[in-house]
Structures are given as C-alpha cells and as structure tokens.
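> Return a 3D structure for these sequence lines:
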Amino acid sequence: WDDFWRRFGDLDRRVAQLEVRAQRQLGTLGGGNHFIEVCLERGGADEGRVWLMLHSGSRNIGKELAERHIGVARRLPHNADLPDRDLAVFLAGTPEMDAYRRDLWWAQEYARRNRAVMLAVLCNVVRDRFPQVRYDEPISCHHNYVAEESYGGVDVLVTRKGAIRAGLGDLGVIPGSMGTGSYIVRGKGNLDAYCSASHGAGRRMSRAQAKRTYSTDDLAAQTRGVECRKDAGVVDEIPGAYKDITEVMAQQEDLVEVVAHLKQVVCVKG
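Below is the predicted model of the structure:
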C-alpha cells in the first residue's frame, strides 16, 4: 500500500490535488451501473449456493486521469485531421504514450484494490452475521481496461471496452441487470476475438431514454423478488433498458462456457 500511494506523486501533475479524495474514495461503490449483490446459484449440483458480487472501478481518479490524457492526444499534430476527434491516439515510444501508460497502469491497479477492499468488507459483514460461512477463492475480473498481450507474434495493447478477458480457462463475470441475474464463465481462448467476451448485457437505450420510457412502477415490476432500490434515482438502471442477457450469452458460446447462472436476491446500487 505504501508503494502504491507513493506512486501517486508520479502521476500527471494536474491531478496532484486529488490525492486525498482518491484515498477517501478507495473502497467505495460509485453510482451508475455499479452494484453490490447477493446472488443464488441456479441449477446444477450447487443449486442455491450463495455468491457475493460487486462491480466498481477506478472511481473519479480514473476518469480524471483519462480526460487529461485524452486532451493531450487531441492536441498532437498527427491527430489534427482525424474525421472524429475521439479517434486521437498516442504513438509508441513517445513521452506522451509513456506518461499515458504509467497513469493507466496505476488507475487499473486502483480499480483492482478498490474492489478487493470492498469485497473484504462485504465478506466480513456476512461472516459477522453468519459465523459458519466459508468462502471460495474470489474471481477478480477487469473490464473497460487495457492489457499488454501478444497475438501472432506481435506485441499489442488490447483495449477491452465493455469486454473482459476470456483466455483459455480464465474465469470471468458477465452481469445482466439489477433484475435479471448474471453468469460466471470460463474463457475458451478464441484468438479471433483476441481472447475476449462481453462484459455484460449492454444497454439498449440511453439513461435519458430509459427515464422517459419507464416509471418507478415499471421498475418495481421488473425487479419483483429482488430487495433493491425502486425509486426514481435508479429508473435508468431498470432491466428493460438493457439487452436480454440470455440472448447475449447465446451469441458468445464460441467465446465462453457458462460455469454458473446466478440470480440476485439483494442488489445495492451506489
């Protein structure tokens, strides 16, 4: 931990004033589609086994770092004539790329530690209430991240946006929505997909459209049987705003195999 926080001083100087805030936010959930859930396994020999699941990331510090590097990339001469400013890139071997990768690796480590802290707290809360509980090894699964990998003898940076790594034997987590359940999967190592699979169901409508389309009554109906928030503040997370997770899983059978199908009974939104 000491080494991790010492490295904050090496990050882009424009986030220096955010160190205390980043320290305070570590171990916190965040809003949007972030969640903590208690789930029950469906089917198979482990029917009814309880799973604790959470989804969070690098919190505000990751966003702040990303925005600063995006701004730098957009101003570089080689990106001047792009048809879309969001296509701006860094070039390998440049100071800008080196600085980006330094901050990127730190932010991704922050996300991993953030989840680990929350999971430890959650496990301790459950253990305090149920002293007899036993836990298996946790599954830690990044999404929306960058990894250094090699394909066809070429070293590349793989950006998995809305995706997880699904290398041969890799365990992963693919959530649906706050009312439809999730899947634990094992990767098949499909090289044509750069050993990747979807992170989740994915939205079929924007948050604004979901709020215009659905009401709190709709939210209550679609999350029946799940102990969760059912107020206007989370209508944009209603299951109807997401794609059918069953169809999504059917379309990636060549990427992953299902290890467990989970259904949440408690869902805590940030």
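> Can you report how many residues lie near the nearest residue to H78 once chain neighbours are set aside?
Of all residues not flanking H78 in the chain, L91 sits nearest, at 6.8 Å (CB to CB, 6 or more residues apart in numbering). For every residue, glycine as well, the C-beta is placed using N, CA and C. Per other CB atoms under 10 Å, the neighbour tally for L91 reads 11.
> gap between L91 and A73?
Per CB to CB, to the nearest Å, L91 is found 10 Å from A73.
> go on, A220?
Using CB to CB, A220 is found at 44 Å from A73.
> Repeat that for V265.
Distance, V265 to A73, using CB to CB: 44 Å.
> tell me how far the ends of stretch 89-103 are from each other?
With CA to CA, to the nearest Å as the measure, stretch 89-103 spans 15 Å from end to end.
> quick check: mean pLDDT across that stretch?
For stretch 89-103, mean pLDDT is 97.
> What segments of the protein are helices?
Along the chain, the stretches classed as helices by DSSP state H are 2-6, 19-25, 59-75, 95-129, 207-213, 216-222, 245-250.
> ok, and what's touching the first one?
Helix 2-6 is contacted from outside by E19, Q23, E109, R113, using CB atoms under 8 Å, 6 or more residues apart in numbering.
> how about a cut-off of 10 Å?
Residues outside helix 2-6 that contact it (CB atoms under 10 Å, 6 or more residues apart in numbering): E19, A22, Q23, L26, W106, E109, Y110, R113.
> which residues does G187 contact?
Neighbours of G187 in contact, by CB under 10 Å, 6+ apart: 164-172, 193, 195-197, 255-257.
> any idea how far V248 is from A88?
30 Å.
> List only buried entries from the contacts of helix 2-6.
Neighbour-count burial (16 or more other CB atoms under 10 Å) applied to the contacts of helix 2-6 gives A22, L26, W106, Y110.
> Please look at the third one and F8 and confirm they touch.
Yes - here W106 reaches F8: they are 7.5 Å apart, a contact under CB atoms under 10 Å.
> Good, wrapping up.
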